[in-house]
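Asks: Just need the structure, nothing else, for what follows:
(one chain, ligands or ions: 1)
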Amino acid sequence: MINTLLGMAVNAETQRPVLSTVTGGLSGACVKPIALRMVWQVYHAVKVPIIGLGGIMNATDAIEFFLAGATAIQVGTANFINPRVTMEIVDGIAAYLERKNIGSVRELVGQLKVG
Ligand SMILES: Cc1cc2nc3c(=O)[nH]c(=O)nc-3n(C[C@H](O)[C@H](O)[C@H](O)COP(=O)(O)O)c2cc1C
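Replies: Sure thing, here's the model as predicted:
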């Protein structure tokens, strides 16, 4: 769902679009609030496995997606900033589980406390 978000960039000096296609797929940290909301809504609407993605830049972001209802996560844009990011995310998730005394990521899925 998240890869259907279209964005646009404008160069004020040239007064032209930055992208030759004028609009293009929006990704990275700016889409995270929208992606999280989508995962949370789908989790509560249908019982299907959900891959959470969109703006996951670190382990905390990944954990947020598990809490919203994702059963797995995917990392795109962050790899362009830090090629080691996925291993750092794996380590960060493990550290979070240990600190919280939680046995498995499965125990996080959909556990967002609302109200
Ligand atoms: C360079 C690049 C190429 C992408 N190519 C595809 C693609 O071929 N098919 C697709 O469904 N999504 C594609 N996406 C969208 C990603 O799957 C993802 O939905 C989006 O980037 C949000 O996640 P992110 O913030 O972790 O990058 C691409 C994204 C980037 C940055």
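Asks: Only C-alpha atoms from now on, for both contacts and neighbour counts.
Replies: Will do.
Asks: ok, residues contacting the strand or helix carrying residue 87?
Replies: Per DSSP states H and E: residue 87 is located in helix 85-99. Helix 85-99 has contacts (CA atoms under 8 Å, 6 or more residues apart in numbering) with 57-60, 62-63, 75, 78-79, 103-105.
Asks: helix/strand/coil for residue 7?
Replies: Classification of residue 7 by DSSP: H, G, I helix; E, B strand; the rest coil places it in strand.
Asks: Number of residues surrounding it?
Replies: Neighbour count of residue 7, defined by other CA atoms under 10 Å: 11.
Asks: show me the contacts for it.
Replies: Neighbour list for residue 7: 23-26 [criterion: CA under 8 Å, 6+ apart].
Asks: So which residues of the chain form helices?
Replies: Along the chain, the segments classed as helices by DSSP state H run 32-45, 59-68, 78-81, 85-99.
Asks: what comes up buried for the last one?
Replies: Looking back up the chat, that one is helix 85-99. Neighbour counts using 16 or more other CA atoms under 10 Å place 85-86, 89, 92-94, 97 of helix 85-99 among the buried residues.
Asks: Dump the residues you listed to TSV, plus distance to residue 1.
Replies: Putting these into TSV (distance: CA to CA, whole Å) gives the following:
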residue	distance to residue 1
85	23
86	22
89	23
92	26
93	24
94	28
97	28
